[in-house]
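Enquirer: From the sequence below, what's the structure:
(one chain, ligands or ions: 1)
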Amino acid sequence: MIRFEQVVKKFPDGTTAVDHLSLEAPTGKITVLVGPSGCGKTTSLRMINRMIDPTEGRILIDDQNVMDVDAPKLRRGIGYVIQHAGLFPHRTVAENVATVPLLLGTPKAEAKKRAHEVLELVGLPGDFANRYPAQLSGGQQQRVGVARALAADPPVMLMDEPFSAVDPVVRDQLQDEFLRLQGELGKTIVFVTHDIDEAIKLGDQVAVMRVGGKLAQLAEPAYLLAHPIDDFVSDFIGRDRGYRALSFTDAPRLPLAPEPTVEIGASVDEARAATGDDWLLVVEDGRPQGWVEPSRITAPIEQAMLHRGGTVAAADGPLRAALDAALSSPSRRGVIVDGDGKLLGTVRAHQVLSAIEQADRPEVHEEDIAPTEPVSGTTP
Ligand SMILES: Nc1ncnc2c1ncn2[C@@H]1O[C@H](COP(=O)(O)OP(=O)(O)OP(=O)(O)O)[C@@H](O)[C@H]1O
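Expert: Numbering: from 1, shown residues only. Now for the predicted structure:
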């Protein structure tokens, strides 16, 4: 666990970057620091590995004050990933990744083997090891950055906007891979971002900071969306937070209707016989492929004819996915599948909405209720 105790950072020019910050980043979890530009996120992160020293207060890693540990030694035991990856341009990918293990005295052959292992782990197998950073895409460079931070298998990882410099599609992939990796590795991670959606997607808990380096609210993402503590947090989270909160609400018992289907390759007659409805669901080995309008087809059904606009939701997934499946389906029937992607049935938006109305919202924590301060000069 990493613990901030009343940490203050004042720079020599008088700027207070971090102001009495107290929070705990639990072992094996992702804690995200999020907030507007200049609110002290990076300064807070860098005080953990002593790239910046606090002016007041203490930071403890597993009950040891970081100020009591030799700074270079401390840093070698903490993975650090930054925006633009910060790779050494004249070293190969494998050499970049092996940097910390070599500094820690790992024999060269072993460090090389380890580099290949972690590169595989982040989805960069084989050939990539011998390339130079400039020969990689931005997303691949970020993966190398993550691999380098993981190479010495540190229990703690600090990540400063690691996915901000890549386009949104790649960012989404990197985030998904990062969550998968964390599911396997269970590191204690402090992650800095200015992007609230990224914070909510990745964080086990999210610390929202305000300019001036004060903590505004620390909570799990679902709780933050349901109960922002004040106008600042609520504005920062932004609109449609009620809808976004559905990402955290499981949809266990939706009433599924059986859906008529045909296999890909079915003839026009088979398709027309299968349903009286405008839209017919096409499957391949039980897995939904897309929709067709039987009245409009003139040849056996093939992939190119399918309307693929509708999303598919897993039965044990969140309510948001089920609602989206219903709203995005051309038939207005949302396709629900099992863990293997096989069709279970369909659901309509109003049925998902009923489930939403019955779902529990996170309860308010008492400590979150701000004491009402009497306003001077007024009488009750
Ligand atoms: N070396 C420094 N000297 C003086 N002021 C600094 C120094 N480093 C940072 N600051 C100031 O401290 C405040 C917090 O900076 P910090 O980089 O921690 O913010 P941030 O939340 O990470 O911002 P961003 O999202 O823009 O990176 C800012 O006002 C910044 O200008």
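Enquirer: Please save the CA atoms from the helix or strand of the chain with the lowest mean pLDDT in CSV.
Expert: None of the helices or strands of the chain scores lower by mean pLDDT, DSSP states H and E than helix 241-245, at a mean of 79. Only the C-alpha atoms of helix 241-245 are listed here, as CSV (Å, rounded to 0.1, in the frame of the first residue of the first chain):
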residue,chain,number,x,y,z
ARG,A,241,-23.0,10.4,-15.9
GLY,A,242,-26.2,8.6,-15.0
TYR,A,243,-25.9,6.7,-18.3
ARG,A,244,-22.2,6.1,-17.8
ALA,A,245,-22.9,4.7,-14.3
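Enquirer: Give the buried residues for that helix.
Expert: 244-245 (16 or more other Cβ atoms under 10 Å). Every residue, glycine included, has its C-beta placed from N, CA and C.
Enquirer: Quick check: residues of this structure near the ligand?
Expert: The chain has residues 11, 13, 15, 17, 35, 37-43, 194 near the ligand, with proximity defined as Cβ under 6 Å from any ligand atom.
Enquirer: 5 Å instead?
Expert: Residues of the chain found near the ligand (Cβ under 5 Å from any ligand atom) are 11, 13, 15, 17, 37-43, 194.
Enquirer: Any of those residues buried? List them.
Expert: By 16+ other Cβ under 10 Å, those give 17, 39-43, 194 as buried.
Enquirer: In strands, which of those appear?
Expert: residue 17 (DSSP state E).
Enquirer: So which of the buried ones among the residues of the chain next to the ligand belong to helices?
Expert: 41-43 (DSSP state H).
Enquirer: rewinding a little: please identify which pair of the residues of the chain next to the ligand lies farthest apart.
Expert: Comparing all pairs in the residues of the chain next to the ligand by Cβ to Cβ, the longest separation belongs to 13 and 194, at 22.7 Å.
Enquirer: pLDDT and distance to residue 303 for the buried ones among the residues of the chain next to the ligand - can I get that in JSON lines?
Expert: Listed next are these as JSON lines, based on pLDDT from 0 to 100; distance: Cβ to Cβ, whole Å:
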{"residue": "17", "pLDDT": "96", "distance to residue 303": "55"}
{"residue": "39", "pLDDT": "93", "distance to residue 303": "49"}
{"residue": "40", "pLDDT": "94", "distance to residue 303": "52"}
{"residue": "41", "pLDDT": "95", "distance to residue 303": "46"}
{"residue": "42", "pLDDT": "94", "distance to residue 303": "48"}
{"residue": "43", "pLDDT": "96", "distance to residue 303": "53"}
{"residue": "194", "pLDDT": "90", "distance to residue 303": "41"}
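Enquirer: Just name the closest of the buried ones among the residues of the chain next to the ligand to residue 102, please.
Expert: Once Cβ to Cβ is applied, the member of those that ends up nearest residue 102 is residue 42, at 27.3 Å.
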